[in-house]
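In: Structure, please.
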Amino acid sequence: MSEEFVDEFVKVESIFVRHRNCHLLRAHFSPMYTDYYLHLMQYGLRNEEPCDSMLKDLLAYFTLYLVARPWAEQHAWTVNLKSPGPANLFVTGSSLTESVVGRAFVNDIRIPENNLFYAQMYKDGREIRSSVIDIKGDTPAEWVEEFYQQSEQRLARCLELPDECFTMVTAQPDADEEWLGSLTVDMMKEIDSVEETKLLETRKFKFNCGCNIGRILPTLKAMEDKLDELFAGEKSFEVTCPRCGAVYPVTRDMIEKKDGE
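Out: Next up, the predicted model:
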């Protein structure tokens with residue numbers, strides 16, 4: 001596998017479907033999935049099925065959702081599953097950083113009465129909107145459609161095409177909702193030839209958290225009075241990134257070392 005391929009971005013097309021008044025988002029996610037599996041391999045992680053497939057699908061539809069939103073926003077979704085599960089699927093990202101990241105949690109999960117979909121949106125470092133809905137569907141595509149129906153108050157269709165191509169079509173004002181609700185995979189394959197479409201923009205994304213030990217140490221240095229408790233007699237301990245699961249070993253020297261030394 002070449003380094004050039006590994007470094008390739010997922011390119012998301014934002015398209016307006018004329019006469020249907022609908023917004024089409026689509027992209028091939030093979031490059032992102034390559035980065036995702038390389039990340040798991042680097043830290044010795046593994047997501048079992050069905051969590052692995054569900055997380056990948058959720059990452060895809062979440063990325064498409066980011067392109068449907070303004071550039072300056074940062075979003076996060078958490079799906080709290082009773083069945084299949086229990087499990088939490090977490091994804092977050094931003095167009096400004098051109099990155100998305102996600103993680104599956106299967107240990108110490110709060111088991112809900114019903115499957116729940118949590119959505120949060122940040123702008124300028126402030127939390128300005130959050131929502132939670134019950135979800136009935138069995139797949140990430142159905143969850144996102146339910147999220148649009150209940151939280152965004154409009155229709156959306158999520159369909160996966162061959163070659164890891166994911167699509168999402170959302171209703172705009174005066175949308176042809178009958179057409180939107182009837183969309184199938186075969187219709188999506190031919191949409192450019194049977195509908196009048198216009199490319200609005202293209203955004204690019206990678207699977208990348210951006211975490212590193214340098215960002216973690218300031219928090220640990222604030223706990224210098226608890227070093228004995230942190231190390232518990234060991235020479236080092238490990239810190240896990242809550243966003244991506246990356247593991248960083250920490251020694252006492254790293255925490256006690258003063259700025260500028």
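In: Please make it C-alpha for all contacts and neighbour counts, starting now.
Out: Will do.
In: Can you verify my assumption that residue 105 contacts residue 85?
Out: No - taking contacts as C-alpha atoms under 8 Å, residue 105 lies outside contact range of residue 85: 9.7 Å.
In: And residue 231, what's its pLDDT?
Out: Here, the pLDDT recorded for residue 231 equals 81.
In: Can you give me the neighbour number for it?
Out: 15 (other C-alpha atoms under 10 Å).
In: How many residues are close by residue 185?
Out: 14.
In: and it, what does it touch?
Out: Contacts for residue 185 (C-alpha atoms under 8 Å, 6 or more residues apart in numbering) come out as 159, 160, 161.
In: can you do 7 Å?
Out: 159, 161 (C-alpha atoms under 7 Å, 6 or more residues apart in numbering).
In: cool, and residue 119?
Out: Here residue 119 is in contact with 76, 77, 78, 130, 131, 132 (C-alpha under 7 Å, 6+ apart).
In: wait, what's in contact with the nearest residue to the last one once chain neighbours are set aside?
Out: Here the nearest residue to residue 132 in space, its sequence neighbours aside, is residue 118; by C-alpha to C-alpha, 6 or more residues apart in numbering that works out to 4.4 Å. Under the criterion of C-alpha under 7 Å, 6+ apart, the neighbours of residue 118 are 77, 78, 79, 131, 132, 133.
In: out of the residues you listed, who has the most neighbours?
Out: Result: residue 79 is most packed of the contacts of residue 118 (other C-alpha under 10 Å), 24 neighbours.
In: Let's see which of the contacts of residue 119 end up in helices.
Out: Using DSSP state H to define helices, no part of these is located there.
In: For those, could you give me TSV that also reports distance to residue 114 and pLDDT?
Out: Shown next, in TSV, are the contacts of residue 119 (distance: C-alpha to C-alpha, whole Å; pLDDT from 0 to 100):
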residue	distance to residue 114	pLDDT
76	20	96
77	17	97
78	14	97
130	19	92
131	15	93
132	12	96
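In: between those, which is closest to residue 167?
Out: When the contacts of residue 119 are ranked by distance to residue 167 (C-alpha to C-alpha), residue 77 comes first, at 18.3 Å.
In: hang on, the earlier thing: would a markdown table of the contacts of residue 118 with distance to residue 197 be doable?
Out: What follows is the contacts of residue 118, written out as a markdown table (distance: C-alpha to C-alpha, whole Å):
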| residue | distance to residue 197 |
| --- | --- |
| 77 | 30 |
| 78 | 33 |
| 79 | 33 |
| 131 | 32 |
| 132 | 33 |
| 133 | 33 |
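In: Strands - which of those land there?
Out: Among these, the ones falling in strands (DSSP state E) are 77, 78, 79, 131, 132, 133.
In: quick one, what contacts the fifth one?
Out: Spelled out, it's residue 132. Counting by C-alpha under 7 Å, 6+ apart, residue 132 has contacts 116, 117, 118, 119.
In: Which of the three states applies to the residue nearest the centre of the chain?
Out: Taking C-alpha atoms, centre = their mean, the centroid of the chain lies closest to residue 91, which sits 3.2 Å from it. Here residue 91 is strand, with the state taken from DSSP: H, G, I helix; E, B strand; the rest coil.
In: Can you tell me how far the closest residue to it other than its chain neighbours is from residue 71?
Out: Nearest non-adjacent residue to residue 91, counting by C-alpha to C-alpha, 6+ apart: residue 102, 4.1 Å away. Using C-alpha to C-alpha, to the nearest Å, residue 102 is found at 20 Å from residue 71.
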